[in-house]
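**Q** Fold the following and give me the result.
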Amino acid sequence: MIDLQKYKALFISEAREILASFQSELLKIERHDAGREPIDAMFRAAHSLKGMAASMGYDGFTELAHALEDIGSDARRSGSMPTEAVDLMLEGVDRLTSFVGLIDADNVAACYAADLVERIRSLHAASAPAGADSAAPAMTSLAAAPAAATSAAATPASTDAGLTRILVCFSAASQAPQARAFMLQRQLAKQVELIESSPSADDLRQGRFPDRKLYLTVRVKPVELERLLTQARGATDVERVEDQGPPQRRRSDSGTVEGEAVDSQRTVRVRTEILDEFIDSVGELLRARDRLRAVAERVDLPELTDIADEMVGLTKDIYDRVMAARMTPLALLTERLPRVVRDLARKADKAIELKIEGADIEVDRALLDELHSAVLHVVRNAVDHAHEGRPARVAAGKPEALTLTVRAVRDRDHVLIEIEDDGGGIDPDVIRAAAVAAGIIDQERAAALSDEEALELICAPGLSTSDQVTDTSGRGVGMDAVRSTAERLGGGLQIRSRLGSGSCFTLRMPLTMAIIGVLLVEVAPAVFAIPTNRVSHALNFDAALLRRAYGETRLRVDEELLPYYDLGELLGFRREQPASEGTVVLVDEQAGAVAVRVDRIAGLQEVVVKPLGAPLAALDYLAGAALLPDGRPAFILDMGRLVRGEAATA
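**A** Just a heads-up that it's a prediction; the model follows:
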């Protein structure tokens, strides 16, 4: 018996990719903005999912995908799709997505949706043209399907005395063509009389599939064969073969087949866990490099110095290549937003036009996973709060639909993710009043805030300007979490708004969070790390420059009074008497620069960020930890949270 478990990961990966595309095409159909092409693409997605699931033996998944394919067939016939059908199709996509999760958890038995399938079949029956057999499965001509690296295309095969000999060609760009050929062969053997196969099933199981061509001889009706061959996902061509065997093609000394084009670029899927392990290994390599360099500086040996210098270049090259493998387009994040906005807008009865720009910009995959909830919350807030309502927008001379733009812009080693709307904007006076009412700030301090500073209060824990609690807002916990997420990842949040014109929330994020540059500082016996992208510069500490202003201690730096903190005191280290010497590090934070005194600067370092476990993970001012070349650990400080925590208790 053939074990299909080894193909499960491939199925899961491809199914998720196709389902994301499926949903995207459905939203295009609903907007009526792309003609017939998304209808055809949607149908092909349903068809591919059905064939893939059938090959794996996932009956419940296959049944639902087949029902969705029937609705897609109706849309191809009529050239349009009613709202009811789009809603059912989106519900079907959601259910199939949940099925993928169940399959991943080895719970295939739960992958059934009889109620949904019945509703879809009822709609399909009602859509059938007069005189048609609504129970018949929807079919499409193979000859009409376009050839592509991820879909099957064919010319109808003919029969000879009941036998048909065909050739199925698989693209080198398709994922695991040998696995696809094996699953196609297995499926055909279950449903028709398979007379001969080259390569054989044993050859395919052993991975012997040299030219990605599968020759099959079957006894079957042409129409039935046409339907079955549409399951050949990844095939680029299916044709009838006149000769009696596969052509013998001489191999060159290099092992390639003469006359066969060699792909210049090939891709493979790599699990993110493997990439994370690569990063850990690169981190150890960087640590070993720094130890070697330190030894070379102490020993007067030119050859050792040369090796150390060579190691620096090699490790940088390896680091760059590993990071390139981790980089992922922002589209992975933004492709989920159209569905979210569509559902929220319909529920709130608001018209929203979503625009996405710069989705091709690449960032660290780990960063995307962390940022998803933050971006999603800001988008939800825009739908909930920014839209003034149709009458108010029309009265203000605006279109009924609020324009919501999610834009990504590359800024050197950072990416700016802007969520901008043309709504009613944020009233700073309302924010001040809400902050005073919540006890976050007193009336006097609120009145002294500029409008820009007042907007920052939106991120204060517990602040909400919503009159009622909804599914998406009103609890006063959202924007604080957004800012915390941004800062924990080494970035920040900026808020701009103009009353009556709209708002813009900007997440400024590093391109990667796996390996970062840090400034190592010593406080008492401990070593701490401050991300270098937060550090402006450093200077010698002079106690004579301390002043008391605005109810707090400040340090005079270049004719400016900056908030001053002693890092040892912030961290709770006891000091017998006030510090009289040391170094001041100027750290850029959301509200401006702050001056932080440390005992000594220990140097600059590139480190791999390690997550913290309990109980240290509960300390929100610790962003992670790193292992130094000498074996000592160093905690990475989130200076923004550390300073704000001190200010809140002052």
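
**Q** going forward, measure contacts between C-alpha atoms and count neighbours the same way
**A** Fine.

**Q** Can you tell me the SS state at residue 420?
**A** Classification of residue 420 using DSSP: H, G, I helix; E, B strand; the rest coil returns strand.

**Q** which residue packs closest to it, ignoring adjacent ones?
**A** residue 504 (4.2 Å; Cα to Cα, 6 or more residues apart in numbering).

**Q** Who are the contact partners of that neighbour?
**A** 418-421, 495-497 (Cα atoms under 8 Å, 6 or more residues apart in numbering).

**Q** Can you tell me which of those residues is nearest residue 568?
**A** Of all the contacts of residue 504, residue 568 sits closest to residue 495, with 31.6 Å by Cα to Cα.

**Q** What residues are bridge-paired with the closest one?
**A** residue 505 (DSSP bridges).

**Q** you'd agree it is up against residue 454?
**A** No - between residue 495 and residue 454 there is no contact, the gap being 10.2 Å when judged by Cα atoms under 8 Å.

**Q** Tell me the secondary structure at residue 508.
**A** strand.

**Q** Give me the distance between it and residue 521.
**A** Per Cα to Cα, to the nearest Å, residue 508 is found 25 Å from residue 521.

**Q** How about the contacts made by residue 355?
**A** 403-406.

**Q** Of the residues you listed, which is the most crowded?
**A** Ranked by the number of neighbours (other Cα atoms under 10 Å), the contacts of residue 355 place residue 404 first, at 25 neighbours.

**Q** Might one say that that one is in contact with residue 352?
**A** Yes - between residue 404 and residue 352 there is a contact under Cα under 8 Å: 6.9 Å.

**Q** Could you list the low-confidence segments of the stretch 201-350 of the chain?
**A** Across the stretch 201-350 of the chain, the ranges flagged by pLDDT under 70 are 205-207, 220-269.

**Q** quick one: the helices in it?
**A** Assigned helices in the stretch 201-350 of the chain, in chain order: 201-205, 222-229, 272-298, 302-326, 331-334, 337-348 (criterion: DSSP state H, counting those that start in this stretch).

**Q** Out of those helices, which gets nearest to residue 113?
**A** Closest among these, using Cα to Cα: helix 337-348, at 21.6 Å.

**Q** buried set for stretch 542-561?
**A** Going by neighbour count (16 or more other Cα atoms under 10 Å), the buried part of stretch 542-561 is 546-547, 554-556, 561.

**Q** repeat for stretch 291-310
**A** 291-293, 296, 304-305, 308.

**Q** again, but for stretch 313-320
**A** Under the neighbour-count criterion of 16+ other Cα under 10 Å, stretch 313-320 has 315, 319 buried.

**Q** Mind listing residues that contact it?
**A** With Cα under 8 Å, 6+ apart, stretch 313-320 has contacts from 282, 285-286, 289.

**Q** cool, stretch 80-92 as well?
**A** 23, 26, 29-30, 36, 39, 64-65, 68, 71, 75, 116, 120, 123.

**Q** Now the buried members of these.
**A** Buried among the contacts of stretch 80-92 (16+ other Cα under 10 Å): 23, 26, 29-30, 39, 64-65, 68, 71, 75, 116, 120, 123.

**Q** Return the member of the residues you listed nearest to residue 526.
**A** Distances from residue 526 to those, taken by Cα to Cα, are shortest for residue 23, at 52.3 Å.

**Q** pretty sure that closest one is in a strand, no?
**A** No - under three-state DSSP, residue 23 falls outside any strand and is assigned helix.

**Q** Settle this for me: it is touching residue 93, isn't it.
**A** Yes - look at residue 23 against residue 93 with Cα under 8 Å: they come within range, at 6.8 Å.

**Q** Quick check: beta-bridge partners of residue 552?
**A** Bridge pairing for residue 552 - DSSP bridges - gives residue 549.

**Q** I'd guessed it sits against residue 561; true?
**A** No - Residue 552 is not in contact with residue 561 according to Cα under 8 Å; the separation is 10.6 Å.

**Q** Going along the chain, name the helices of the stretch 551-650 of the chain.
**A** 567-570, 639-649.

**Q** Compare the mean pLDDT across those helices and name the weakest.
**A** With a mean of 70, helix 639-649 has the lowest mean pLDDT of the helices of the stretch 551-650 of the chain.

**Q** Taking the contacts of stretch 313-320, tell me the two that lie furthest apart.
**A** Among those, 282 and 289 lie farthest apart (Cα to Cα), at 10.2 Å.

**Q** how about residue 454, what does it touch?
**A** With Cα under 8 Å, 6+ apart, residue 454 has these contacts: 428-429, 431-432, 446.

**Q** redo that, cut-off 7 Å
**A** For residue 454, the contact set (Cα atoms under 7 Å, 6 or more residues apart in numbering) comprises 428, 431-432.

**Q** Give me the buried positions along stretch 49-62.
**A** Quick answer for stretch 49-62 (16+ other Cα under 10 Å): 49-56, 58-62.

**Q** The contacts of stretch 80-92 into TSV, with extra columns for secondary structure and distance to residue 581?
**A** As requested, these are arranged in TSV below (DSSP: H, G, I helix; E, B strand; the rest coil; distance: Cα to Cα, whole Å):
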residue	secondary structure	distance to residue 581
23	helix	62
26	helix	66
29	helix	68
30	helix	67
36	coil	73
39	helix	72
64	helix	72
65	helix	71
68	helix	73
71	helix	76
75	helix	77
116	helix	73
120	helix	76
123	helix	79
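
**Q** quick one: which of those is nearest residue 371?
**A** Lowest distance from residue 371 to those (Cα to Cα) belongs to residue 23, with 21.5 Å.

**Q** Mind putting the contacts of stretch 80-92 into CSV with distance to residue 212 and pLDDT?
**A** Output for the contacts of stretch 80-92, formatted as CSV (distance: Cα to Cα, whole Å; pLDDT from 0 to 100):
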residue, distance to residue 212, pLDDT
23, 31, 91
26, 33, 91
29, 36, 88
30, 39, 86
36, 33, 80
39, 30, 89
64, 31, 93
65, 28, 92
68, 31, 93
71, 33, 91
75, 34, 89
116, 39, 92
120, 38, 92
123, 41, 90
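
**Q** returning to that earlier point: would you convert the helices of the stretch 201-350 of the chain into JSON lines that also reports distance to residue 184?
**A** Below are these laid out as JSON lines (distance: least, Cα to Cα, whole Å):
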{"stretch": "helix 201-205", "distance to residue 184": "11"}
{"stretch": "helix 222-229", "distance to residue 184": "8"}
{"stretch": "helix 272-298", "distance to residue 184": "29"}
{"stretch": "helix 302-326", "distance to residue 184": "32"}
{"stretch": "helix 331-334", "distance to residue 184": "30"}
{"stretch": "helix 337-348", "distance to residue 184": "33"}
